[in-house]
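Student: 3D model of this:
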Amino acid sequence: MASSAKSSANSKPSLILLFLSFLKLGSTAFGGPAMVAYIRRMAVVQKKWLDDETFQKGIALCQSIPGATAMQMAAYTGFKCRRGLGAVSTFVGFGLPAFVMMVVLSALYVRAHDLPIVVSIFRGLQAIIVAIVANAVVSFAKASLKNWKDAAIVAVAALLFLMRVNPIIVILLSALLGLLLHRKRTFQRVPSSETSRFPIRGFLLTMLGVTAVCVFLLLSGDRRLFHLAILMLRIDLFAFGGGFASLPIMYHEVVDVRSWVDSHTFLNGIALGQVTPGPIIITATFIGYMVHGVSGAVIATLSIFLPSLLLVIVVTPYFDRFQASPHFNRAIAGIFASFVGLLLTVGLRFALDISWNIPAVLLAVASFAALLLRVEIIWVVLVGVVISALLF
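Tutor: Sure thing, here's the model as predicted:
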């Protein structure tokens, strides 16, 4: 193991190689968190940039902080190879194909969403999205619900969200409930390794400074873009559990609070997000385009991904300390449980917004069954597009 780590450290890839490798991988990054396995195959097995133990620690880290897991694993790999600039190279390379494709699809959607064939396709895709969210609820429940205390947090979160309480308040309350209800719960002890002290302070300050200047320029210029940026930054900061965890917060803020789009358009944005590679959180690009065209798409995308990148860079050198804290683990357990309730209520709202008929019900049930059988999401969506065009 030590020799493997040593060989990895001695063969640091260039920033260009990191960018191009993850750009290629990102162009086929369908399946969201499932892409972590492909990142491992490239970084650990094929190119031997990291050893397996280091990569596994990265998975644990990215599952414990907010943000899209696959995107953060790309950043983590780059960070371990070339520190801050490496993280930026892999993060941008991995996410760029999804962004470009989503901008193109958003532009086509604006111009063609009223065409009968397009209406038919999206009517079927909306039923499939309900199945996808239902499958996410099952997946979250299996991973997060260990006992009745977790179930109680789910029930509280679902009730509060149905009452339209701000999801961020629900998440914070769930963290507190996790601390209280799990105070006697023990978590697996992680052996504490020597903390890696990367010289990242100057890099971080530079990135934060550039971000602050950009936000100030938006505030001085277009207030709508400023509010869009602040909203997306806030959503990503509370998206514990991956891209799907952002959906309840994004839906609440974009549809319920600000009415930037209606629920049907939001569902269509999620559908487009499933057709593109990358995480489902790329739906933010679609929302940004609907709000303010290409500039809105750029601002929304940068804002929804920036916290994820910065968190990986900040937390990676000190993650062993966080992982060894029982208070941290109890709060995270409460937060993860809350997302089962939040997703459950979002799925219910999506379902209520759809005009159901027999073909739509059959399509949703078949899609849910396929996802439970681990059929790739991209194939479920593509087959659904063909069926929708024929049936609806």
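
Student: hang on, V138 packs against G347?
Tutor: No - look at V138 against G347 with CB atoms under 8 Å: they stay out of range, at 10.6 Å. (Each C-beta comes from the backbone N, C-alpha and C, glycine too.)

Student: hang on, S89 packs against T77?
Tutor: No - at 10.1 Å, S89 does not count as touching T77 under the criterion of CB under 8 Å.

Student: Now do the shared contacts for those two.
Tutor: With contacts defined as CB atoms under 8 Å, 6 or more residues apart in numbering, the residues shared by S89 and T77 are F22.

Student: Same drill for the two, tell me which one is more crowded.
Tutor: T77 (31 against 27; other CB atoms under 10 Å).

Student: Chain neighbours aside, what residue packs nearest to the more buried one?
Tutor: A43 (4.8 Å; CB to CB, 6 or more residues apart in numbering).

Student: still on that earlier bit, more neighbours: which of V138 and G347?
Tutor: Shown here are V138 and G347; by other CB under 10 Å, G347 has more neighbours (21 against 14).

Student: Check which helix or strand that one maps to.
Tutor: helix 326-352 (DSSP states H and E).

Student: Contacts only, for C214.
Tutor: Applying CB under 8 Å, 6+ apart, the residues contacting C214 are A229.

Student: Could you report the separation of it from G221?
Tutor: 10 Å (CB to CB, to the nearest Å).

Student: try S174
Tutor: Applying CB to CB to S174 and G221 gives a distance of 37 Å.

Student: more crowded one of the two?
Tutor: Between S174 and G221, counted using other CB under 10 Å, S174 has the larger neighbour count: 26 against 10.

Student: if I pick that one, what's in contact with it?
Tutor: Contacts of S174 (CB under 8 Å, 6+ apart): I153, V156, A157, G334, I335, A337, S338.

Student: That one: what secondary structure?
Tutor: Under DSSP: H, G, I helix; E, B strand; the rest coil, the three-state class of S174 is helix.

Student: Apart from its chain neighbours, what residue comes closest to it?
Tutor: Closest residue to S174 apart from its sequence neighbours, by CB to CB, 6+ apart: S338 at 3.4 Å.

Student: again, but for L18
Tutor: Looking at L18 with CB to CB, 6+ apart, the closest residue is S89, at 4.5 Å.

Student: Just the element for the one you found, please.
Tutor: helix 69-112.

Student: Toward the C-terminus, what is the element adjacent to the helix holding G347?
Tutor: helix 358-372.

Student: relative to helix 326-352, how tilted is that following helix?
Tutor: Using axes from the mean of the first three to the mean of the last three CA atoms, to 10 degrees, one finds that helix 358-372 and helix 326-352 are set 160 degrees apart in direction.

Student: what about helix 358-372, distance to the chain center?
Tutor: Here helix 358-372 is found 24 Å from its chain centre; the criterion is CA atoms, centre = their mean, to the nearest Å.

Student: tell me which residues in that helix are buried?
Tutor: Within helix 358-372, the residues scored as buried using 16 or more other CB atoms under 10 Å are P359, A360, L363, A364, A366, S367, F368, A370, L371.

Student: still on that earlier bit, tell me which other helices or strands the helix holding S89 touches.
Tutor: Under the contact criterion of 3 or more CB pairs under 8 Å, 6 or more residues apart in numbering; DSSP states H and E, helix 69-112 touches helix 15-26, helix 35-40, helix 52-64, helix 201-220, helix 263-275, helix 283-315.

Student: what about that helix, distance to the chain center?
Tutor: With CA atoms, centre = their mean, you get 12 Å for helix 69-112.

Student: In contact with the spatially most central residue of the chain, which residues are there?
Tutor: For the chain, the residue nearest the mean C-alpha position is G243 (1.9 Å; CA atoms, centre = their mean). Taking CB under 8 Å, 6+ apart, we find G243 in contact with G32, A68, T69, P279, I280, I281, I282.

Student: now do L61
Tutor: Contacts of L61 (CB under 8 Å, 6+ apart): Q72, Y76, V312, V315, T316, F319, Q323.

Student: And P248, by the same measure?
Tutor: F161, P167, F339, L342, L343, T345, V346.

Student: then stretch 324-339 to CSV, C-alphas only?
Tutor: C-alpha atoms of stretch 324-339 as CSV (Å, rounded to 0.1, in the frame of the first residue of the first chain):
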residue,chain,number,x,y,z
ALA,A,324,-13.8,11.1,14.5
SER,A,325,-16.2,13.6,16.1
PRO,A,326,-19.4,11.9,17.5
HIS,A,327,-21.2,15.2,17.4
PHE,A,328,-20.5,15.7,13.7
ASN,A,329,-21.7,12.1,12.9
ARG,A,330,-24.9,12.5,15.0
ALA,A,331,-25.8,15.8,13.3
ILE,A,332,-25.1,14.3,9.8
ALA,A,333,-27.3,11.3,10.6
GLY,A,334,-30.1,13.7,11.4
ILE,A,335,-29.6,15.7,8.2
PHE,A,336,-29.5,12.6,6.0
ALA,A,337,-32.7,11.3,7.6
SER,A,338,-34.4,14.7,6.9
PHE,A,339,-33.8,14.4,3.2
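
Student: No further questions, thank you.
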